[in-house]
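Asker: Structure here, sequence nowhere to be found:
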């Protein structure tokens, strides 16, 4: 089982469990698809946003950060359900200084050096080139005007304590060229039960 550090706003640790389950699911899928996969070190995970190193028919490993299906955000019951069509994007994140116990801002995973972001979906993982995703998000997300409610973070930035995040729709990636004039390279890693 993979280790994922719990988030301080995750009072019941349900998000923590979802992340661990998502990482385990990804690991099982890469094994099924014969993709060589190595677990990242703890420092790679915390400092570089790397969950796994993957390689298939290539001489070097690529890095990937796995994102579990998230809640859509908001206080209403319907907004607390998991929603695979809306993807949370992190522009600025945080890490904890273990000596002072303070949370310190750091570059979000969108601007990290990881090669791919793997968004969990009900039937597999959408694997997206991170650099292409950054170009798309810089174009379609309004980063000038912060909104105050997570439910309203659709292509607009929302500040949660130190974090700066926004939501984009799955179709923003899949139809990026026709909708936004930006080419985003992606592929789908299908669940073994469906193949």
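Answerer: Nice, thanks for sending it over. In this text the structure is predicted, and so the values were computed from the model without any measurement.

Asker: switch to C-alpha atoms for all contacts and neighbour counts from now on
Answerer: Will do.

Asker: mind checking how far the residue positioned nearest the centre of the chain is from residue 101?
Answerer: Nearest residue to the geometric centre of the chain (CA atoms, centre = their mean): residue 67, 3.5 Å. In this view, residue 67 and residue 101 are 25 Å apart by CA to CA, to the nearest Å.

Asker: cool, and residue 34?
Answerer: 41 Å.

Asker: cool, residue 148 as well?
Answerer: 26 Å.

Asker: the more surrounded of the two?
Answerer: Remark: of residue 148 and residue 101, residue 148 carries more neighbours, 12 against 9, as counted by other CA atoms under 10 Å.

Asker: That one is in contact with residue 164, isn't it?
Answerer: No: using CA atoms under 8 Å, residue 148 makes no contact with residue 164, being 11.5 Å away.

Asker: Which neighbours do the two have in common?
Answerer: The contact sets of residue 148 and residue 164 overlap at residue 158 (CA atoms under 8 Å, 6 or more residues apart in numbering).

Asker: any low-confidence regions in the protein?
Answerer: Within the chain, the stretches falling below the threshold (pLDDT under 70) are 1-19, 71-82, 193-195.

Asker: the strands in it, which residues?
Answerer: Counting by DSSP state E, the chain has strands at residues 36-39, 52-55, 62-67, 86-96, 103-107, 116-121, 124-129, 142-147, 156-160, 163-169, 186-190.
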